[in-house]
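Asks: Below is the sequence, then the predicted model.
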Amino acid sequence: MICKKCGKEYEDDMPNCLWCDAPNEEAASPETTEESSNRVAGLFMWSCMIFNFTGFGYIYVSIIQTLLHYRELHKGKVALRFFIGMLLANVALYFLTLPVISILNKALNSSLFSTCVCLAYAIIQGVIGAKLINFYAPNYDISEYRKKERIAIAIAIIVFIITVVVLKNKQ
C-alpha cells in the first residue's frame with residue numbers, strides 16, 4: 001500500500017500509515033467500525049472512585065459490577081470469572097500500592113497527596129474494570145452498558161452516604 005499523504009509504502013492490512021499516521025481507507029471496513037463502537041469503556045472509573053472513598057472499594061466494585069452486568073456476562077457464561085478477575089485485580093492493586101502509598105504519605109504528610117492517590121487508585125481500578133468487561137463481554141451493547149453504569153454510580157453514592165453517616169455517628 002502506498003500512502004496518499006506521504007507517498008511511502010506500508011502493509012496493506014495496516015489501519016494507518018506507519019510514517020505519517022494517515023488512515024488507510026481501503027483497510028477500514030464497516031464491520032471493524034461497528035465492533036469498535038460496540039466496545040464499552042470507562043464509566044467504571046466513576047463508580048470505582050466513589051466506592052473507593054467508602055474504604056471498601058475493591059469489594060463493592062467486584063460484587064456490584066458483577067451483579068449489574070450479570071445478564072450480559074451470563075450470556076458468555078463468564079460471570080464468575082469476571083467476579084474473580086475483578087476481585088483479584090483490585091485486591092492485588094490495593095496490596096501492591098499500599099506500601100508505596102503509606103511511605104510517601106508519611107514522607108509528604110499532605111492531604112492533597114492523599115486525595116491525588118485516591119483519585120489515581122480509582123482511575124486505575126476503573127481502567128482494570130473496563131478492560132475486564134471488554135474482555136469478558138466484547139459484544140456488550142453500549143447503551144445497555146451506560147444504563148447499568150449509571151445505576152452503579154447511584155448505588156456508589158448511596159453506599160458512600162451511608163458510610164459517611166455511620167462513621168460520623170461513631171465519632
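Replies: Good, I have the coordinates.
Asks: Need the per-residue pLDDT for N52.
Replies: According to the prediction, N52 has pLDDT 69.
Asks: where do the helices sit along this protein?
Replies: For the chain, applying DSSP state H gives helices covering 30-38, 44-54, 57-68, 70-75, 79-108, 111-136, 142-170.
Asks: Could you export these as JSON lines, including mean neighbour count and distance to N16?
Replies: Just so you know, the C-beta spots here come from the backbone N, C-alpha and C atoms, and that holds for glycine as well. Below are those laid out as JSON lines (neighbours: other C-beta atoms under 10 Å; distance: least, C-beta to C-beta, whole Å):
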{"stretch": "helix 30-38", "mean neighbour count": "10", "distance to N16": "13"}
{"stretch": "helix 44-54", "mean neighbour count": "23", "distance to N16": "27"}
{"stretch": "helix 57-68", "mean neighbour count": "20", "distance to N16": "33"}
{"stretch": "helix 70-75", "mean neighbour count": "16", "distance to N16": "31"}
{"stretch": "helix 79-108", "mean neighbour count": "14", "distance to N16": "31"}
{"stretch": "helix 111-136", "mean neighbour count": "17", "distance to N16": "21"}
{"stretch": "helix 142-170", "mean neighbour count": "14", "distance to N16": "24"}
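Asks: Can you say which of these is nearest to E9?
Replies: helix 30-38 (22.2 Å; C-beta to C-beta).
Asks: Which of the helices and strands in this structure ranks last by mean pLDDT?
Replies: Averaged element by element with mean pLDDT, DSSP states H and E, the chain has its least confident helix or strand at helix 30-38 (a mean of 44).
Asks: low pLDDT regions in this protein?
Replies: Within the chain, the set of residues satisfying pLDDT under 70 comprises 27-45, 52, 55-58, 105, 109-114, 171.
Asks: one more time with 90, if that's ok
Replies: Along the chain, the model assigns pLDDT under 90 to residues 1-77, 79, 82, 85-171.
Asks: rewinding a little: among the helices of the chain, which is nearest I2?
Replies: Between I2 and these, the tightest spacing by C-beta to C-beta is seen for helix 30-38, at 21.2 Å.
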